[in-house]
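1. Got a sequence here, can you build the structure:
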Amino acid sequence: MGRRPGRCYRYCKNKPYIKSRFCRAVPDAKVRIFDLGKKKAAVDEFPYCVHLVSDEKEQISSEALESARIACNKFISKTTGRDSFHMRIRVHPYHVLRINKMLSCAGADRLQTGMRGAYGKPYGLAARVDIGQIMISVRCKENVLPVASEALRRAMYKFPGRQRVIKSKKWGFTSLLREEYLALRQAGRIRNNGAHCNVDRGKGPIYKVRRAQN
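-> Predicted structure coming up:
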């Protein structure tokens with residue numbers, strides 16, 4: 001039996017239904033990799049960022065997320081190289097989809113119960129997204145920005161509903177605007193933390209503040 005079309009599970013109709021000790025036999029999500037490209041790049045290396053933002057409240061299947069990840073990664077890697085970007089899938093498929101299987105062979109009417117006991121069995125996984133929620137982010141250098149935007153535009157075709165590609169004003173994946181980041185870095189108050197950074201607020205014991213400044 002093949003997969004049901006995505007339109008059967010597109011809308012957020014009921015409460016979130018996640019894997020738990022009560023709901024155990026859940027198939028694995030198709031998307032297993034959420035960070036691609038040069039993911040160990042320091043925060044200073046990629047100052048620009050592009051987001052794919054959802055324009056609808058809906059459910060996105062794990063198969064669609066995997067398909068979009070492959071399309072986006074392949075286009076940027078082929079055009080500018082594997083180490084020219086860091087892509088991150090920002091939504092996770094935790095919601096369990098169910099199916100009430102029906103038999104369609106001859107003599108199935110003896111076995112079928114119709115709508116009696118119609119609570120289905122786990123069938124797949126989906127991510128629930130809201131309006132304005134970021135689905136995929138790519139951080140890169142300024143010369144790779146048009147390629148990253150085009151890659152996300154191509155990834156949009158793997159999803160139902162409407163999405164938008166938005167160029168961020170923030171520095172990479174951080175929560176600081178580019179001007180703020182540069183000013184804080186000039187003042188020596190930025191501490192690298194992988195793809196993100198911590199801002200030294202100048203509080204705490206004096207010896208710790210002096211050590212951070214030196």
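
2. which helix is the longest one in the chain?
-> helix 62-80 (DSSP state H).

3. Just checking: what are the partner strands of the following helix or strand past that helix?
-> The C-terminal neighbour of helix 62-80 among helices and strands, as given by DSSP states H and E, is strand 85-89. Sheet pairing here is set by DSSP bridges, and for strand 85-89 it gives strand 35-37 (antiparallel), strand 134-140 (antiparallel).

4. So for His196, which of these sits nearest?
-> With distances scored as CB to CB, the stretch of these nearest to His196 is strand 134-140 (10.6 Å). C-beta coordinates here come from the backbone N, C-alpha and C atoms, glycine included.

5. Distance from the closest one to the middle of the chain?
-> Taking CA atoms, centre = their mean, to the nearest Å, one finds the center of strand 134-140 at 8 Å from the center of the full chain.

6. Equivalent analysis for stretch 48-55, please.
-> Its chain's average C-alpha position is 10 Å from that of stretch 48-55, according to CA atoms, centre = their mean.

7. circling back to that earlier point, now, of the strands paired with strand 85-89, which is deepest in the fold?
-> Of all these, strand 134-140 has the most neighbours on average by mean count of other CB atoms under 10 Å, namely a mean of 24.

8. for stretch 177-195, the distance to its chain's centre please.
-> With CA atoms, centre = their mean as the basis, stretch 177-195 stands 25 Å off its chain's centre.

9. can you give me the end-to-end distance of it?
-> End-to-end distance of stretch 177-195 (CA to CA, to the nearest Å): 15 Å.

10. Give me the mean pLDDT for it.
-> Regarding stretch 177-195, the rounded mean pLDDT is 91.

11. Identify all contacting residues around it.
-> Applying CB atoms under 8 Å, 6 or more residues apart in numbering, the contact partners of stretch 177-195 are 39-44, 47, 86, 88, 139, 169-174, 176, 197-202, 212-213.

12. where do the helices sit along the protein?
-> Using DSSP H, helices in the chain cover 62-80, 145-156, 178-186, 206-213.

13. how far off strand 85-89 does the lengthiest strand in the chain point, in degrees?
-> Longest strand in the chain, counting residues (DSSP state E): strand 121-129. If you take axes from the mean of the first three to the mean of the last three CA atoms, to 10 degrees, strand 121-129 sits at 120 degrees to strand 85-89.

14. thinking again about what came up before, could you pick out which of the contacts of stretch 177-195 are located in strands?
-> His86, Arg88, Arg139, Cys197, Asn198, Val199.

15. Ignoring the adjacent residues along the chain, who's closest to the first one?
-> Leaving aside its sequence neighbours, His86 sits nearest to Gly37 (CB to CB, 6 or more residues apart in numbering; 4.6 Å).

16. Could you verify my assumption that the one you found touches Ile89?
-> No: with contacts counted by CB atoms under 8 Å, Gly37 stays clear of Ile89, the gap being 11.9 Å.
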